[in-house]
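In: just to be clear, the model below is a prediction. Sequence and coordinates:
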Amino acid sequence: MSSRLEAVDKKLLFLLYAYGKALSKRKLHQLVYDLQERYRVNLGFRFAGQPPFSQDLEAKLESLVEKGFLKKVYIVGSRFTVLYKPYYAITEKGLKAIEKRDFSKSDQEAIERLVQEYKAAKEYW
């Protein structure tokens, strides 16, 4: 299995880095959806439903976990029907992979703006 990263991988890692803490699967899917739809960052994921979910994104996240760039942690859920909720966090290996930021500066700025917007909106998180 190759641990070589594509530009999409680096943008996802940068999104988690910019957010600064682990994100639930649901929130991560919403952020990536908004990044594509509102900020026009080309990541190539297809979404369906509300809240938006992408099977392609899910596979990409699992691939990044398998390669050691992300780690999946489980947080105790708030309801009996959801005992554990999966969260994704960037690893040291992931941080090293994005040090150069060798992807579009405009995409990097879009990611930072989106994260600032979400962090400012207390009702989201």
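Out: Cool, the structure landed.

In: where's the nearest residue to residue 16 once chain neighbours are set aside relative to residue 59, distance?
Out: Distances taken as Cβ to Cβ, 6 or more residues apart in numbering place residue 90 nearest to residue 16, at 4.4 Å, with adjacent residues excluded. In this view, the C-beta of every residue, glycine as well, is placed from N, C-alpha and C. In this view, residue 90 and residue 59 are 18 Å apart by Cβ to Cβ, to the nearest Å.

In: give the bridge partners for residue 86, please.
Out: residue 74 (DSSP bridges).

In: begin at 50, not 1, for the rest of this chat.
Out: Right, with 50 as the first residue, what we last looked at is residue 135.

In: that one contacts residue 126, doesn't it?
Out: No. Contact criterion Cβ atoms under 8 Å: residue 135 and residue 126 do not qualify, at 10.1 Å.

In: anything in contact with each of the two?
Out: The contact sets of residue 135 and residue 126 do not overlap (Cβ atoms under 8 Å, 6 or more residues apart in numbering).

In: would you map the helices across this structure?
Out: 56-68, 74-86, 104-115, 141-146, 154-169 (DSSP state H).

In: so which of these is nearest residue 97?
Out: helix 104-115 (8.3 Å; Cβ to Cβ).

In: elements contacting the closest one?
Out: On a contact count with 3 or more Cβ pairs under 8 Å, 6 or more residues apart in numbering; DSSP states H and E, helix 104-115 meets helix 56-68, helix 74-86, strand 119-128.

In: looking at those, which is closest to residue 151?
Out: Once these are compared by Cβ to Cβ, helix 56-68 is nearest, at 7.1 Å.

In: buried set for that closest one?
Out: In terms of neighbour count (16 or more other Cβ atoms under 10 Å), helix 56-68 has its buried residues at 57-68.

In: tell me which residues are up against that helix.
Out: With Cβ under 8 Å, 6+ apart, helix 56-68 has contacts from 54, 71-72, 77, 80-81, 84, 90, 92-93, 109-110, 113, 118-119, 137-139, 143-144, 146-147, 150-153, 156-157, 160-161, 163-164, 167-168.
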